[in-house]
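Peer 1: pasted the sequence and its predicted model underneath.
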Amino acid sequence: MRIGIHTLMVVLLLACSSAAAKEKDETPQFKTAEAKHFTQAEGVELSPAFGDYFYAELREEMKKAKLASEVIGEGETVDDADAPQSIVITGTFTEYKKGSVVKSALIGFGAGMRSLKMDADVLRRSDNQRLGGVHLQVKVDPSWNDKTMAKFAARQMAKDMKGALKAQAK
Amino acid sequence: MQAGQRQGELPASPGCARRPHREILMTLSVRFTVSLLLSLFFLLFHCSAAGQDPKPKPENTISVHLGDPIPAQKFANPPKFWISDVIDRSGNPQPMLVLKERGGIFLDRQPTVIVREALEESLRAANLLATDANSADLALKIYLFQFGLAQGSQLDLFGKVEFTVTVKNPKSGESLEVKAAGTSIAKTAMMKKNIQKNVQDDVEESLRDAVRNFVRGQQLKDAVGALRKNTDAAPAPAPNP
């Protein structure tokens, strides 16, 4: 019985490690990826500093997610030969709610949470064809500052974007 | 000695019943005094620490360099640039102070010097830097708006370098603006030594990103195209009689 359990554990561990190795060895789907500063929809009150910070975090998360071989800055040129294999990410913050610490403490169950909704599109650089889109809502504790929320939002955005592009490729 | 009273026992006094109450009061007053002293000590320590501005020392000074030059974009007709001036427009009274906490972290040179050096290195490597101002096709005047760390979340370090370059054609006198910005996110640390290393890496990475954003930017390409086209099209100025 014990031997059986041990064998099962070893098999599971091997399977996990091989899956992780596969994930690590994965080559990026695109040559370059350019993230643009997200715009703000009407009525959304976020500071320009928030936009800057989100942009920096998104680029960092895109590098970590290996979305492309090279994550370039906004407005940088790309060789014509690489343009079909390059993507541009544009997006908009569609809704932002500051949340309420009092509501969160008194009611709980997600009430009074700070929330941010955003839409992003992935376009091919050469012909501006839409390759995928992400609609995301992030909710964080209202006592956290908006920059921390930006960090979580960027991480989630990069993850969802990668998922959307993989689904599109299949 | 009264009858029935044991030898060695103190006679019961009227205040004897109050003794425990008095002890409690004394303990409370000692606790209060100790707490007060501790609070005062912390307050004084905090005030003295807050009042002291960090001073640059060799152990809290970092040297920021670009490292390898950034490969510039290819121009159809490569111009020669000359950096005429770098002006600090950050409004920062202490431009060399990168981080105020933990005894401070300072730069070894002025940000304007660092940016000039980084841009010159990259332009020289791409053979786009003129030897002097007279032989340059285009003069660059740099206005530095931010250099160092910007306010981010408390979980990491947010490096940011931002500048605007006025690209001027000395022959026609026309000029165009090109914006460039670089950002970088790095992990923070607990130990001072590690914080210093992470800050240095972060600022260097954001500088690299900003220089790359400039030398490989579409804005520069458009500006160079427009300014040189105008020069080529414009007739040569007539000599004064």
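Peer 2: Happy to help now that I have it.
Peer 1: what ranges do the helices span in the chain?
Peer 2: Since no chain was named, I'll use chain A. Assignment of helices within chain A using DSSP state H yields the ranges A:2-25, A:48-64, A:101-106, A:146-169.
Peer 1: let me rephrase: I mean chain B.
Peer 2: Ranges of helices within chain B are B:19-51, B:111-125, B:192-215, B:218-233, based on DSSP H.
Peer 1: buried ones in the last one?
Peer 2: When neighbours are counted by 16 or more other Cβ atoms under 10 Å in any protein chain shown, the buried residues of helix B:218-233 are found to be B:219-221, B:223-224, B:227-228, B:231. In this view, the C-beta of every residue, glycine as well, is placed from N, C-alpha and C.
Peer 1: including mean pLDDT and distance to B:Ala133, could the helices of chain B go into TSV?
Peer 2: Below are these laid out as TSV (pLDDT from 0 to 100; distance: least, Cβ to Cβ, whole Å):
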stretch	mean pLDDT	distance to B:Ala133
helix B:19-51	69	47
helix B:111-125	96	13
helix B:192-215	93	20
helix B:218-233	84	16
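Peer 1: re the thing from before, quickly, which of the helices of chain A bottoms out on average pLDDT?
Peer 2: Of all the helices of chain A, mean pLDDT reaches its minimum on helix A:2-25 (a mean of 59).
Peer 1: spell out which residues of chain B are next to chain A.
Peer 2: Listed as neighbours of chain A in chain B under the rule Cβ under 8 Å from any Cβ of the partner chain: B:73, B:150-156, B:158, B:160, B:181-185, B:209, B:212-213, B:216-219, B:221.
Peer 1: could you flag which of these are buried?
Peer 2: Neighbour-count burial (16+ other Cβ under 10 Å) is assigned, among the residues of chain B next to chain A, to B:73, B:150, B:152-153, B:156, B:158, B:160, B:181-185, B:209, B:212-213, B:216-217, B:219, B:221.
Peer 1: which strand residues bridge B:Lys160?
Peer 2: B:Gly148, B:Thr183 (DSSP bridges).
Peer 1: actually A:Val138, not the one I wrote
Peer 2: A:Leu116.
Peer 1: mind listing what it touches?
Peer 2: Applying Cβ atoms under 8 Å, 6 or more residues apart in numbering or on different chains, we find A:Val138 in contact with A:115-116, A:149, A:152-153, A:156.
Peer 1: re earlier: now the helices of chain B as CSV including distance to B:Asp88?
Peer 2: Listed next are those as CSV, based on distance: least, Cβ to Cβ, whole Å:
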stretch, distance to B:Asp88
helix B:19-51, 27
helix B:111-125, 5
helix B:192-215, 15
helix B:218-233, 22
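Peer 1: and the ones you listed: which comes nearest A:Val71?
Peer 2: Proximity to A:Val71 (Cβ to Cβ) singles out helix B:192-215 among the helices of chain B, at 10.0 Å.
Peer 1: packing partners for that closest one?
Peer 2: Contact analysis of helix B:192-215 by 3 or more Cβ pairs under 8 Å, 6 or more residues apart in numbering or on different chains; DSSP states H and E lists strand B:61-62, strand B:97-99, strand B:105-107, helix B:111-125, strand B:138-150, strand B:156-168, strand B:175-187 as its packing neighbours.
Peer 1: got the buried residues for it?
Peer 2: Going by neighbour count (16+ other Cβ under 10 Å), the buried part of helix B:192-215 is B:195-196, B:198-215.
Peer 1: same question, stretch A:146-163
Peer 2: A:146-162.
Peer 1: please see if that stretch touches chain B.
Peer 2: Yes: applying Cβ under 8 Å from any Cβ, one finds stretch A:146-163 touching chain B at A:147-148, A:150-151.
Peer 1: as TSV, those residues with distance to A:Thr39 would be great.
Peer 2: Below are the residues of stretch A:146-163 next to chain B laid out as TSV (distance: Cβ to Cβ, whole Å):
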residue	distance to A:Thr39
A:Lys147	19
A:Thr148	22
A:Ala150	15
A:Lys151	20
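Peer 1: specify which member of those is nearest to B:Gly91.
Peer 2: The closest of the residues of stretch A:146-163 next to chain B to B:Gly91 turns out to be A:Lys147 (Cβ to Cβ; 21.8 Å).
Peer 1: for the spatially closest residue to B:Arg208 that is not a sequence neighbour, give me the pLDDT.
Peer 2: Nearest in space to B:Arg208, with sequence neighbours left out and distances taken as Cβ to Cβ, 6 or more residues apart in numbering or on different chains, is B:Leu66 at 6.1 Å. With respect to pLDDT, B:Leu66 scores 91.
Peer 1: switch the contacts of A:Val138 over to a markdown table; also include distance to A:Lys103.
Peer 2: Formatted as a markdown table, the contacts of A:Val138 follow (distance: Cβ to Cβ, whole Å):
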| residue | distance to A:Lys103 |
| --- | --- |
| A:Ser115 | 12 |
| A:Leu116 | 17 |
| A:Met149 | 17 |
| A:Phe152 | 20 |
| A:Ala153 | 21 |
| A:Gln156 | 23 |
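Peer 1: which among those residues gets closest to chain B?
Peer 2: Nearest to chain B among these is A:Met149, at 8.4 Å by Cβ to the nearest Cβ.
Peer 1: pretty sure that closest one sits against A:Pro142.
Peer 2: No: using Cβ atoms under 8 Å, A:Met149 is not in contact with A:Pro142; the gap is 9.8 Å.
Peer 1: so what sits against both of these two?
Peer 2: In contact with both A:Met149 and A:Pro142: A:Arg114, using Cβ under 8 Å, 6+ apart.
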